[in-house]
Each structure stands twice: as C-alpha cells, then as structure tokens.
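Undergrad: With the sequence up front, the predicted model follows.
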Amino acid sequence: MEREVNEIAVGLDIGTTKIVAMVGKYNEYGKMEVLGVGKSKSLGVHRGVVNNITQTIQSIQQAIQESESVSGMKINNVTVGIAGQHIRSLQHSDYITRPNADAVIDEDDIEKLCNQVHKLVMLPGEEILHVLPQEYKVDGQAEIKEPVGMYGGRLEANFHVVVGQVTSIRNIGRCVKSSGLELSDVTLEPLASANAVLSQEEKEAGVALIDIGGGTTDLAIFKDGIIRHTAVIPFGGNVITEDIKEGCSIIEKQAELLKIKFGSAWPGENKDNEIVSIPGLRGREPKEITLKNLSKIIHARVVEIIEQVFLEIKNYGHESPKKKLIAGIVLTGGGSQLKHLKQLVEYITGMDTRIGYPNEHLAGNSDSETTSPMYATAVGLVMDGLIHLKKQKKTVKKEETSIHTETTTQQEEAVVEDTVIEEKLPKEDLKPRKNILEKWTEKFKEFLDNAE
C-alpha cells in the first residue's frame, strides 16, 4: 500500500557515536507512528561537531538507506538536529517604540522586535540560531505571555538567544546536501529531545532536561512552559569509555561492552570479589578486572559531568522561589541508561529525577527499541518535522482560499463595472507569518545553494 508521502517526516540525528534516520507519521489518534529506523556508526563527528565530511556523508547515507529499506519509502527531506560544544546561549532584552499606540499590537510588531535581536553583534564566526521570546512588557506592564491584541506604545521582551558557530552549522548542511537530501528544517537538539520526553505539566512546573549523548551532554531548562536556559557540555558517554580503556589497559570495544554490561555509577554496589575476565589480545593472558574498580572509574567521570550540568542549573538560578524547578530533572540519551545514574544525580543535586523515555507522544504499538532514551532526539526531530508539515499545509490552504475569495470578488466587480480588471496578486497581509527559525532555515538553504 503506497502511503501519501506528504504526511511523512524524517528526523536525522547526527550524533558523535551514531547517526539515526527515523521515519514517522501521525496515526489516526494523533500519536506518532515510527515507520522505520536506520542507524549507522558515526565516524566523522567529534563532540557533536563534524570533523570529517566524507566519513559523515557515508554514515548519513548508510542510515538513510537502512531506514528506506525498513519503511519502504524514498527519503528526500530531513529535519536535522544541531548540537555540539560550540553552542551557547544568552539572555537579552530589547524593545521597540510603536508609531501608533492607539493601534493594537499585532504579529508584525513581534516580528520586528525579534528581527531587532537578530542584529545583535556576535563574536566573529558566530551566528544566532534561535531567538526565543520569554515574557513581554507593554508600557511597563510586566509578565505578559501573549501581547497580540493589546494596546501600547512600547513593546519590550526578554529573549533566550541561542548562538552557534557558522562553520560547524554549514558543515552539517554540506553533509546533508552531499548525501542527496534536502533540509526541510533545522532544530536545536536539546529542544528536540525536550519535545519527545517532557510533558506540558513538567514544562509548566519547571524541569531540567539532561540529554547524555556520546560526545556531549545537552541541557534544556523549562519553567512556566517556556524555555529558560540551554547549554551544551563537551563531555558524554565516550569520555567514560575512554577512562575505562586507559584505567584498565584494554581496547575501546571491550571498554564499551564493560560499561554497558557491568558498569555502575555507584561504587558501593559492587563487592570486592566480583571479577570479570577479559580475553587478551592475540594469545596474551586474559585480564581480570574487579567490578568495584570499574565502577570507581565510571563514578569519578559521571560525577564530573553531573557537577558541570548542575553548575549550569545554578547559573540559571534554580534556588530562587520564582525559578524553582518543581519537576526536578529528567535524564535521557544513551548515557542515561547507565545503572544507578538516577540515584547518583539525586544524591548530587538533591532534586527529583526520572529517566525520560520518548513514549509520551509515540503510538502504543511502538517497539521497545524506539522508546529507548537513545532515540529521544530522533523522535523529537520527527515530531518537529511533522509540525512543520502541518504548518505548510495550513499555509497552502490559506493561500488557496485567499486567492479564491479574491478572484470571486474581482469577478463580481468586473460584472458590476462591466470592465476587465486585471487579476491582482493575493494581498500581502494574507501571507502567513514565518517564525524566526523557518526564516533562518530558508536563509541557510539559500547560502548552501550559493556555496555550490
């Protein structure tokens, strides 16, 4: 049975350890149904940043081919996630003075205000990725969530601005294009993961999402349903594997297996006499490693990662009553599957913690693999892609109806006046508003086309 291709979105998560291509669509209950997942080992990415274009392109193509064969579909457009150690965020407030205070505030005013933030001078080689309004002020009246429709002369807002390195972003775009794919959307990975694993109640109450990947640990803090803080810490699961490799003098493959099978973030769990034997290389004697030592190595590095994340949470100011994170911490990503990590995070931060599975928005019959925290970002990217498609459909419908109504009124006028009137173009104000990210994606696509 051939499905309608328009209803389908593809999320491409370019990670440090793996590249995942996930195909999904909405089922009749409005839940997301995963049609196919393809994954490949990520070879050209270091700490979320592409450092070998050729290898990254091969890995992307491999993941795409696998998901095409599983889903039985041809993939053309993808929604890509952006992360990496170059991402940073800052708070900024700005205002505009409206020429006519007697007219109500509309979308144009908000757009003007957001565009003003885009003109901020960044460090050389940096570019603004997202401008996310938090609260607005109208003529000094604070804490307004939606100013559209209000009267006022001065419109102010606090913004959460996400900044990244231009070259790193262009390299990702280059890899996607060279793999024969089109970029339909670009999203910040912590935001995608948050969409997949957090409920609206948690975002309202205040929550910190920690996504522990292979090369980086991403943080996104929400309060009152609005994103308040984002950060990318340049450590992840790979550093733990590296420590085990060095500490136990074994090869990386064995270190990774040890971490997954026997690793624990809490050293007190293991008895002194628990030993695991690892085969030696080419006829050498097997190595014996005590699980207590193994968990001590893991514990030391995990504590370092969590403390860095906790420092970011403190920088946000979670201790003040207004900024309190009532829902605590949600852990997701491949690294969150480490045994006893939840208990360690609770111990260090003193905050309620749970592991985030991306099953909040998935259809009930999804297999256990897709609901693993490893795929949180991929699920979030597919959801973003589907939302983007919905918006596009609405846009097309709006334009069609506006053209239709206009032509009919023109025909009526022509009959009345008995003269031929040239058919006008649809009026400007009927065009739908594009959000900041969509505009940025368009500019980005234009840049890539010119770069060729």
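TA: Nice, I can see it.

Undergrad: which stretches of the chain have low pLDDT?
TA: 1-6, 270, 405-441, 443-452 (pLDDT under 70).

Undergrad: domain assignment for it?
TA: As recorded under automatic domain parsing, the domains making up the chain are 88-165, 199-359.

Undergrad: from the chain's centre, how far out does the shortest one sit?
TA: Meaning domain 88-165. The chain centre lies 22 Å from the centre of domain 88-165; the measure is Cα atoms, centre = their mean, to the nearest Å.

Undergrad: Residue 393: how many residues sit nearby?
TA: 12 (other Cβ atoms under 10 Å). Glycine gets a C-beta too; all of them are placed from N, C-alpha and C.

Undergrad: hang on, the earlier thing: CSV for the domains of the chain, including mean neighbour count and distance to residue 181?
TA: Below are the domains of the chain laid out as CSV (neighbours: other Cβ atoms under 10 Å; distance: least, Cβ to Cβ, whole Å):
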stretch, mean neighbour count, distance to residue 181
domain 88-165, 15, 20
domain 199-359, 18, 22
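
Undergrad: Would you mind giving the ones you listed as TSV with distance to residue 17 added?
TA: Below are the domains of the chain laid out as TSV (distance: least, Cβ to Cβ, whole Å):
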stretch	distance to residue 17
domain 88-165	21
domain 199-359	3
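
Undergrad: closest one to residue 70 among the ones you listed?
TA: Nearest to residue 70, of all the domains of the chain, is domain 199-359, at 18.0 Å by Cβ to Cβ.

Undergrad: before we move on, back to that, so which of the domains of the chain comes closest to residue 402?
TA: With Cβ to Cβ as the yardstick, what comes closest out of these is domain 88-165 (16.1 Å).

Undergrad: Can you tell me the SS state at residue 307?
TA: helix (DSSP: H, G, I helix; E, B strand; the rest coil).

Undergrad: for the nearest residue to it once chain neighbours are set aside, helix, strand, or coil?
TA: Excluding the flanking residues, the one nearest residue 307 by Cβ to Cβ, 6 or more residues apart in numbering is residue 348, at 6.7 Å. Here residue 348 is recorded as helix under three-state DSSP.

Undergrad: before we move on, what about residue 147?
TA: coil.

Undergrad: I'd like the distance between it and residue 200.
TA: As judged by Cβ to Cβ, to the nearest Å, residue 147 and residue 200 stand 22 Å apart.

Undergrad: do you know which of the domains of the chain lies nearest residue 381?
TA: So among the domains of the chain, domain 199-359 is nearest, using Cβ to Cβ, at 10.8 Å.

Undergrad: Surely residue 290 is in contact with residue 275?
TA: Yes. Taking Cβ atoms under 8 Å as the definition, residue 290 is a contact partner of residue 275 at 5.4 Å.

Undergrad: Which residues are in contact with the nearest residue to residue 215 once chain neighbours are set aside?
TA: Nearest-residue entry for residue 215: residue 16, 2.8 Å, with adjacent residues in sequence omitted and distances by Cβ to Cβ, 6+ apart. By Cβ atoms under 8 Å, 6 or more residues apart in numbering, the contact set of residue 16 is 42, 45-48, 213-216, 236, 238.

Undergrad: likewise residue 37?
TA: 20-23, 66-67, 70, 369-370, 375, 378.

Undergrad: For those, give me a markdown table that also has neighbour count, distance to residue 344 and secondary structure.
TA: Shown next, in a markdown table, are the contacts of residue 37 (neighbours: other Cβ atoms under 10 Å; distance: Cβ to Cβ, whole Å; DSSP: H, G, I helix; E, B strand; the rest coil):
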| residue | neighbour count | distance to residue 344 | secondary structure |
| --- | --- | --- | --- |
| 20 | 24 | 27 | strand |
| 21 | 32 | 33 | strand |
| 22 | 30 | 30 | strand |
| 23 | 25 | 36 | strand |
| 66 | 17 | 35 | helix |
| 67 | 24 | 35 | helix |
| 70 | 15 | 36 | helix |
| 369 | 11 | 26 | coil |
| 370 | 22 | 27 | coil |
| 375 | 30 | 23 | helix |
| 378 | 32 | 26 | helix |
